[in-house]
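Peer 1: Structure for the following, please:
(2 chains)
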Protein chains: 2
Amino acid sequence: MTLDAVLARIDADLPAATERLFDLLRIPSISTDPAYKAECDRAADWLVADLASFGIAAEKRPTPGHPMVVGHVDGDGPHVLFYGHYDVQPVDPLNLWDRDPFDPELQDGPRGKVIRARGASDDKGQLMTFVEAARAIAAETGRMPCRITFFFEGEEESGSPSLVPFLEQNARELSADIALICDTGLFDSRTPGIVTMLRGLVGEEVTITGASKDLHSGMYGGPAMNPIRVLTRILGGLHDDEGRVTVPGFYDGVPEIDPEIAAQWRGLGFDHEAFLGEVGLRDPAGETGRSALEQIWSRPTGEINGISGGYAGDGFKTVLPSRASAKVSFRLVGQQDPHAIRDSFRDWVRAQVPADCKVDFRAHGASRASVMQTDHPAFEQARKALTAEWPGEAALIGSGGSIPVAGHFKSILGMDSMLIGFGRDDDQIHSPNEKYDLDSFHRGIRSWARILHAIA
Amino acid sequence: MTLDAVLARIDADLPAATERLFDLLRIPSISTDPAYKAECDRAADWLVADLASFGIAAEKRPTPGHPMVVGHVDGDGPHVLFYGHYDVQPVDPLNLWDRDPFDPELQDGPRGKVIRARGASDDKGQLMTFVEAARAIAAETGRMPCRITFFFEGEEESGSPSLVPFLEQNARELSADIALICDTGLFDSRTPGIVTMLRGLVGEEVTITGASKDLHSGMYGGPAMNPIRVLTRILGGLHDDEGRVTVPGFYDGVPEIDPEIAAQWRGLGFDHEAFLGEVGLRDPAGETGRSALEQIWSRPTGEINGISGGYAGDGFKTVLPSRASAKVSFRLVGQQDPHAIRDSFRDWVRAQVPADCKVDFRAHGASRASVMQTDHPAFEQARKALTAEWPGEAALIGSGGSIPVAGHFKSILGMDSMLIGFGRDDDQIHSPNEKYDLDSFHRGIRSWARILHAIA
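Peer 2: Prediction:
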């Protein structure tokens, strides 16, 4: 494989590659909304046809939810599996979009051209960086440098209900030497990163019920227990004065960060003032004595993601409500056990609920943290390949988010993942006016060509 | 005035009186929601026309908010002012109603017929008990036993913003010997009460703002301060372990109850187990060591009437919200100063808001507690008149609610109030499926006829 020729072809083909991405972006494949089921199907068909157009045998595979797309192509080097997802987040509130979210457009941005559309960054644009790299290699050389399995999911934005059964049923077919996942971001606009640590996640919904109906706070205020009072009292104690989560056993399995990795992170020169300043904040609010980067990448947290109870409309209503509820999530690191933490959280809440109230819980997902074995040679090969493409030196980084598929690849298929992506902090994924820098798309395609060349 | 003839006419006219009330109940006069402004106006017009239909000269009087209705009629005895309100609470959650809240119906209840509709009890049904009594007297005798001023408000459920200026601007016209207010309940199903102690009320809305936009809890969870965490921590400390409000100075001006009144209240045989049991509760949740009746009638409280922040819909969203807010109210007794308490509450909150968050407050009404001078002869006359109508002997009682108008009548017009009403504990005012017993409506009308006759 002549890398230079492939890169030149990628450069020349960029307008056509962008048009192909636009085709995919025009399909409103919102996985969480049943009204868009046929559109998810259409996106899967589009991908099958696109892979076939440059000689990859691919199929749409049914699941109880939206289909998977699986394609295989032989090659000389090791076997890699590439993962991306073709489904997108809902678009509401639609009125905050500057244009139709499914009518992509190339626009001028402060750093250059951007592709504006729902899914431009998360994850259709990222997914297509890899597909376009493979297309250019196929066109230029007629043969892949590695054996490649393409694996595209259509339920990532709706909790991936079919993923684990599908991996279990197709473990042999999908097991490779290493997985490549393109669903993360650059460390900063100039510096690419390979994510090697991902936090896990436990989601819980707590509902406290007091009286059998809403009461008038004049008539009952005092003698009748108020569930909002119970809920705020419990959740108000979720963190201690040092910002640590108070649920018993929460820190079991939380490792201190490896000094070598800590030193690497310090070397990244992360600007926490800029990071927080961009959203109007200043002081890292997590555990005292931990840097902002450490708080996001290597420390567990508890967050209240939503709370509701009583009257929240305009004006005032002196209601003493029958119930109040909250959505709480924990981000996990190291060996923290999501199920043990869920149990401990529930016990901790129950112990604080007064006799006159009852509490109900609802589970919303549980995944362990992922820590990759970075001694696989592909990590160093990819790091060098990325460094050759981007202005800054590529780094092994953490991520505060949770990408459960990496954990499932490890636990079900015994396969480590390299999470490499080209998103930027201002891509507004999950929000109105999502975009993907054309530079991310272009250099992303070139990056994958270099990486495949390097690990061949 | 021949009382017996008036009472007989009331009995005969009950079906027509019920139909008139239904007409008024069909008008969705929700004062707190600007979308219903025209409906509030329509309810005021309806009342003007209804008073005119039996010879009372009444007018709709504009205010910056919803109009007042004022009517006058001459009579032989002392001058009384009757107060009621024609606006109603919002109806949400609408799905918990068994029928359209504004399509009144006579239904069978466990104790007899009930009138089911929003406002049936609070306050349209109660307001109309007095109007119907006056109508029957007019029809039977052609002349009122007292000089009467009718005064109906349309903003009681939204904090009465226009009331004080209106009373001040029309003090001469509205000053009477005594006010009659029909917006309270029976002591129990058999026993009427004249409320002589009312709690005051301070309403506050607190909004905590953190980041300038909603964040992703994976990316920012830890370093970015979560306003729900701040809000729950503050409000979780609003009460101590004894159920006392922790805001500094809150108990300034709270008197111990007079031993004589305490003895009278014990004599009422209030059944707190039945009171709480009816709504699925058991343990008085207010200050330790105080009976449920004492907690409602003579002790101040703090309640959280509503809380919201982040994602509260179906499923889960790992959002770290930009803001969270709560509506908090305090019920006041004795000499507690609503303005001092508002200030102290705000200071207490501000002192707990971390540097990276800001807090905004919005005031929703402030009124002192009212304690009536019961030596005016009308109290004893009314007590006897009520005792003649109802199975149980009428009592002078307290009320946990706040009826600020009574305080304003005293401070602005120098006029004491007799608060007499016929609501029942299970009327579900401010809640879905509000109702008013037909017996309350019927005996209520008869009660006012007897009272007007007694104080003539």
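
Peer 1: Report how many residues lie close to A:R99.
Peer 2: 12 (other CB atoms under 10 Å in any protein chain shown). From N, CA and C alone the C-beta is placed, and that goes for glycine too.

Peer 1: quick one: secondary structure of it?
Peer 2: coil (DSSP: H, G, I helix; E, B strand; the rest coil).

Peer 1: Roughly how far does it sit from A:D108?
Peer 2: According to CB to CB, to the nearest Å, A:R99 stands 14 Å off from A:D108.

Peer 1: ok, now A:I27?
Peer 2: 25 Å.

Peer 1: ok, those two, which is more surrounded?
Peer 2: Set A:I27 next to A:D108 and count neighbours by other CB under 10 Å: A:I27 wins out with 23 against 8.

Peer 1: In this structure the more buried one contacts A:P101, no?
Peer 2: No. Here A:I27 lies out of contact with A:P101, judged by CB atoms under 8 Å, at a distance of 11.7 Å.

Peer 1: For A:R362, give the beta-bridge partners.
Peer 2: A:E205 (DSSP bridges).

Peer 1: buried ones in stretch A:244-251?
Peer 2: Neighbour-count burial for stretch A:244-251 flags A:244-245, A:247, A:250 (criterion: 16 or more other CB atoms under 10 Å in any protein chain shown).

Peer 1: now stretch A:135-150
Peer 2: Neighbour-count burial for stretch A:135-150 [16+ other CB under 10 Å]: A:135-138, A:140, A:144-150.

Peer 1: Kindly report the same for stretch A:101-117.
Peer 2: For stretch A:101-117, a neighbour-count test (16+ other CB under 10 Å) marks A:101-102, A:104, A:109, A:113-117 as buried.

Peer 1: show me what contacts A:P93?
Peer 2: A:P432 (CB atoms under 8 Å, 6 or more residues apart in numbering or on different chains).

Peer 1: phi, psi of the residue nearest the centre of chain A?
Peer 2: Centroid check for chain A by CA atoms, centre = their mean gives A:I403 as the closest residue, at 4.8 Å. The phi and psi values for A:I403, taken as degrees, to the nearest 10, are phi -120, psi 90.

Peer 1: and what of the one 3 residues further on?
Peer 2: Here is the backbone geometry of A:A406 (degrees, to the nearest 10): phi -60, psi -40.

Peer 1: Closest residue of the stretch 51-200 of chain A to chain B?
Peer 2: In the stretch 51-200 of chain A, the residue that lies nearest chain B is A:R199 (6.9 Å; CB to the nearest CB).

Peer 1: ok, that residue touching A:V333?
Peer 2: Yes. Judged on CB under 8 Å, A:R199 makes contact with A:V333 at a distance of 5.7 Å.

Peer 1: who touches both of these two?
Peer 2: With CB under 8 Å, 6+ apart, A:R199 and A:V333 have common neighbours A:300, A:369.

Peer 1: Tell me which of these two has more neighbours.
Peer 2: Neighbours per residue, other CB under 10 Å: of A:R199 and A:V333, the larger number sits with A:R199, 29 against 25.

Peer 1: Put the alpha carbons of stretch A:48-57 into PDB.
Peer 2: Backbone C-alpha positions of stretch A:48-57 (Å, rounded to 0.1, in the frame of the first residue of the first chain) are rendered in PDB as follows:
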ATOM      1  CA  VAL A  48     -25.000  -1.900   3.100                       C
ATOM      2  CA  ALA A  49     -25.200  -0.500  -0.400                       C
ATOM      3  CA  ASP A  50     -22.300   2.000   0.200                       C
ATOM      4  CA  LEU A  51     -20.000  -0.800   1.400                       C
ATOM      5  CA  ALA A  52     -21.000  -2.900  -1.500                       C
ATOM      6  CA  SER A  53     -20.100   0.000  -3.900                       C
ATOM      7  CA  PHE A  54     -16.400  -0.600  -3.200                       C
ATOM      8  CA  GLY A  55     -16.500  -4.300  -2.900                       C
ATOM      9  CA  ILE A  56     -17.300  -5.000   0.800                       C
ATOM     10  CA  ALA A  57     -19.700  -7.900   1.300                       C
END
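
Peer 1: just how off-centre is that stretch within its chain?
Peer 2: Remark: stretch A:48-57 is offset 27 Å from the chain centroid, using CA atoms, centre = their mean, to the nearest Å.

Peer 1: do the same with stretch A:147-156
Peer 2: Centre to centre, stretch against its chain (CA atoms, centre = their mean), the figure for stretch A:147-156 is 15 Å.
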